[in-house]
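In: predicted coordinates and the sequence they were generated for:
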Amino acid sequence: MFVTLLGEVLGLSKDVVYVVGHRRPDTDSIASAISYAYLKNAINHEFEYVPARLGELSSEAAYVLSKFGVQKPILLEHVYIQVKDAMTVNPVVAGRSATLYEVGTLMLERHIRDVPIVDDCGRLLGVVTERGIAQSFLQELQNFSFGSECPKISDVQRGINAKLLVGKPDWSLCGRLMVGAMSVEMVKTHLKRGDILIVGDREDIQKVAISMGASCLVVTGGVSPSGELLKEASERGVAVLLTDHTTYIASRLLRLSTPAVRVAKQNPLTVGKDALLKEFADELMEDRDGVAIVVGQDMMVEGIITRHDLINPKKKRVILVDHSELSQAVDGIEDAEILEIVDHHRLGDVQTDKPITAYVEPVGCTSTIIWGLFKLSGVKPTKGIAGIMLSAILSDTMILRSPTTTQKDKVAVEELSGIVGIAPNDLGVELYRAKVDLSSLSVKEILSMDMKELRTPKGTIAISQVEVVDTNSVLSMHGEVKMEMERLAEERGYVLFLLMVTDVVEEFTELVVVGKRRLVEKAFGIPFEGDSVRLPGVVSRKKQVIPPLLKSL
């Protein structure tokens, strides 16, 4: 027999907070998620901060992580509320030999209504509910018998706090329960071989029970039978138990000595912990007992969930880095609790139901903001963490050449490069060599590798940017590029789709346009002769392309 808190066996971990960037994880998005999670874990021990990503790494981001020996973030598919977010993770469970008395006592002490019954390996056998216990008593008002689920004498001993005078603890008791509150003649009429007789200090009835082949004699009131009677019981193989309880109390407790599995619901509602709560809620509400056992592989019990758990389920906690746009956020963000935002872009359309902490600065890179928070907190990063933050800043600022570059970015690069022990310009050149290898990518992959979506009153605008050292590597596929842009614009409903092919050496951008071209002509004051235009000195999407576009709208 065992009764235990499952959480004591499995161990309980801290609540998780996912630190995650946008859907197209570039170097800054990945570096920000990893470095900010590292910082939060260093200064806040209430939660476990886990860096996450929403897609495959860009070639540059993969190169950076490999170079500095940093593990890539987990792939986060969604943040919808799941069964595991609402379930009780440390449920009380009982072994198949646990008695109704023990399970019922647990229910009272723990203020619970349901106890899963498991085998020796923790696999689900059934669930005992308050409803099930009540129904079992109503159905067995007459002729109660232990039936096929026979308790051992040791179980009965515990249930009625009895002393074993004759017999062995591992003997099983399988007969009917009978109270000897009647004449000897009546006992002879009703008692059958194998029955369990509950009786006080009536030695005449005790002798009859032994002679008729009762399986067990439960003597109440604390008065022991004579030595002669006990000898006869031993010779006939009749167990004798002595309890201080009254006959009334002993009879009630004996019924509770039966194994709890006897009244357990044999095929209870079960669910996996990863199931979406909104998809399972109706099934749980319709269940007669309103309870489901959360099971894993081989029906191992992992938790329990009831109707009441649906009232206020725990939301997943999220910190957004390098964006604040719903269109760029993880699926299910509307069901999550956003704790913080760390970003260097414009404020997007993410809304929260209570105040949050937000670090939003007009700098060239989110990692610059995070480096400032490292310094503010007095936490020194490892060389690996410093290396990926340095790489992110160099990437986002085009090796500090972008007009988005600020003095804070320059200071951050100087300080981080000192920790890493590498020249910023040398690292920047490495990054571009890793970033601009487009030979193995399809046109769709090129367009998608660094794409931003903007929701405007006139519709959604998409802007992709490819930073290269030779614009011909992309523009030589002009016809194929335009065809794929038109297809994506129609498929996703873009009113305007721009591709920035940016030469980081010569510092200009060739802008390819699909959709409402007039908006672009108005924004930059340059008429189009075809479907592309060269913009000298324009290298920054955030600072030199998005603002005039939004203004023209």
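Out: It's in. Numbering: from 1, shown residues only.
In: helix or strand right after the lowest-mean-pLDDT helix or strand in the chain?
Out: One helix or strand of the chain scores below all others by mean pLDDT, DSSP states H and E: helix 6-10, with a mean of 41. Sequence-wise, the next helix or strand downstream of helix 6-10 (DSSP states H and E) is strand 16-20.
In: show the pLDDT at residue 487.
Out: Here, the pLDDT recorded for residue 487 equals 95.
In: past the helix or strand hosting it, which element shows up next along the chain?
Out: In the assignment (DSSP H and E), residue 487 maps to helix 478-492. Downstream of helix 478-492, the next assigned helix or strand under DSSP H and E is strand 494-503.
In: what sits up against the helix or strand that that following strand is followed by?
Out: Proceeding N to C from strand 494-503, the next assigned helix or strand is strand 508-515, under DSSP H and E. Here strand 508-515 makes contact (CB atoms under 8 Å, 6 or more residues apart in numbering) with 471, 475, 478, 481-482, 485-486, 489, 494-503, 520, 528, 531-539, 545. Heads up, the C-betas are built off the backbone N, CA and C, glycines and all.
In: counting by contacts, list what the strand or helix carrying residue 430 packs against.
Out: Assigned by DSSP H and E, residue 430 belongs to helix 424-435. Counting contacts by 3 or more CB pairs under 8 Å, 6 or more residues apart in numbering; DSSP states H and E, helix 424-435 is packed against helix 59-68, helix 383-396, helix 407-420.
In: between helix 407-420 and the shortest one, find me the angle.
Out: Per axes from the mean of the first three to the mean of the last three CA atoms, to 10 degrees, the angle that helix 59-68 makes with helix 407-420 is 40 degrees.
In: run the chain-centre distance for the helix or strand just after helix 59-68.
Out: Sequence order places strand 74-75 as the next helix or strand after helix 59-68, per DSSP H and E. Taking CA atoms, centre = their mean, to the nearest Å, one finds the center of strand 74-75 at 13 Å from the center of the full chain.
In: mean confidence for the helix or strand just after strand 74-75?
Out: With elements assigned by DSSP H and E, the helix or strand that comes after strand 74-75 is helix 83-86. The pLDDT scores in helix 83-86 average 93.
In: for helix 83-86, the distance to its chain's centre please.
Out: How far helix 83-86 lies from its chain's middle: 7 Å, per CA atoms, centre = their mean.
In: what packs against that helix?
Out: Where contact means 3+ CB pairs under 8 Å, 6+ apart, helix 83-86 is packed against helix 277-286, strand 301-306.
In: which SSE is the residue sitting furthest away from the middle of the chain in?
Out: Centroid-distance maximum for the chain: residue 185 at 66.3 Å, with CA atoms, centre = their mean. With elements taken from DSSP H and E, the one containing residue 185 is helix 184-190.
In: buried residues in the next helix or strand after that helix?
Out: As assigned by DSSP H and E, the chain's next helix or strand after helix 184-190 is strand 196-199. Buried residues in strand 196-199, counted by 16 or more other CB atoms under 10 Å: 196-199.
In: then stretch 163-177?
Out: Neighbour counts over stretch 163-177 (16+ other CB under 10 Å) mark 164-167, 171, 173, 175-177 as buried.
In: can you list contacts of it?
Out: With CB under 8 Å, 6+ apart, stretch 163-177 has contacts from 143-148, 150-154, 156-157, 192-196, 198, 214-216, 219, 224-225, 230, 233-234, 237-243, 251, 254-255.
In: that one: end-to-end distance?
Out: Counting by CA to CA, to the nearest Å, you get 19 Å between the two ends of stretch 163-177.
In: quick check on the contacts of stretch 163-177: which are buried?
Out: With burial judged by 16+ other CB under 10 Å, the buried subset of the contacts of stretch 163-177 is 144, 146, 150-154, 156-157, 194-196, 198, 214-216, 219, 225, 230, 233, 238-243, 251, 254-255.
In: same question for stretch 260-271: list its buried residues.
Out: Across stretch 260-271, burial judged by 16+ other CB under 10 Å covers 260-265, 268-269, 271.
In: swap that for stretch 321-330, please
Out: Neighbour-count burial for stretch 321-330, with 16+ other CB under 10 Å as criterion, is recorded at 321-325, 328-330.
In: which stretches of the stretch 101-250 of the chain have low pLDDT?
Out: 138-149 (pLDDT under 70).
In: pretty sure residue 471 sits against residue 503.
Out: Yes: Residue 471 lies in contact with residue 503 (CB atoms under 8 Å); the separation is 5.2 Å.
In: distance from the chain centre to stretch 367-384, please.
Out: The chain centroid and the centroid of stretch 367-384 are separated by 29 Å under CA atoms, centre = their mean.
In: tell me the pLDDT of residue 476.
Out: As predicted, residue 476 sits at a pLDDT of 84.
In: repeat for residue 446
Out: The score at residue 446 is 88. That number is its pLDDT.
In: please apply the same query to the one 4 residues further on.
Out: Here, the pLDDT recorded for residue 450 equals 86.
In: equivalent analysis for residue 383, please.
Out: At residue 383, the predicted lDDT confidence score is 97.
In: picking that back up, remind me what the helix holding residue 185 packs against, helices and strands.
Out: Helix 184-190 makes packing contacts with helix 203-211 when contacts are defined by 3+ CB pairs under 8 Å, 6+ apart.
In: can you pull the buried residues of the helix it packs on?
Out: Quick answer for helix 203-211 (16+ other CB under 10 Å): 205-210.
In: off-centre distance for it?
Out: In terms of CA atoms, centre = their mean, the centre of helix 203-211 is found 62 Å from the chain centre.
In: give the next helix or strand downstream of that helix.
Out: strand 216-219.
In: describe which strands that following strand pairs with in its sheet and in which direction.
Out: Here strand 216-219 has these sheet partners by DSSP bridges: strand 196-199 (parallel), strand 239-243 (parallel).
In: mind putting the ones you listed into CSV with distance to residue 98?
Out: Output for the strands paired with strand 216-219, formatted as CSV (distance: least, CB to CB, whole Å):
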stretch, distance to residue 98
strand 196-199, 20
strand 239-243, 20
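In: of those, which is nearest residue 67?
Out: Nearest to residue 67 among the strands paired with strand 216-219 is strand 239-243; the distance by CB to CB comes to 75.6 Å.
In: who's in contact with the closest one?
Out: Contacting residues not belonging to strand 239-243 are listed as 153, 156-157, 160-168, 171, 173, 215-220, 222, 224-225, 230, 233, 250 [CB under 8 Å, 6+ apart].
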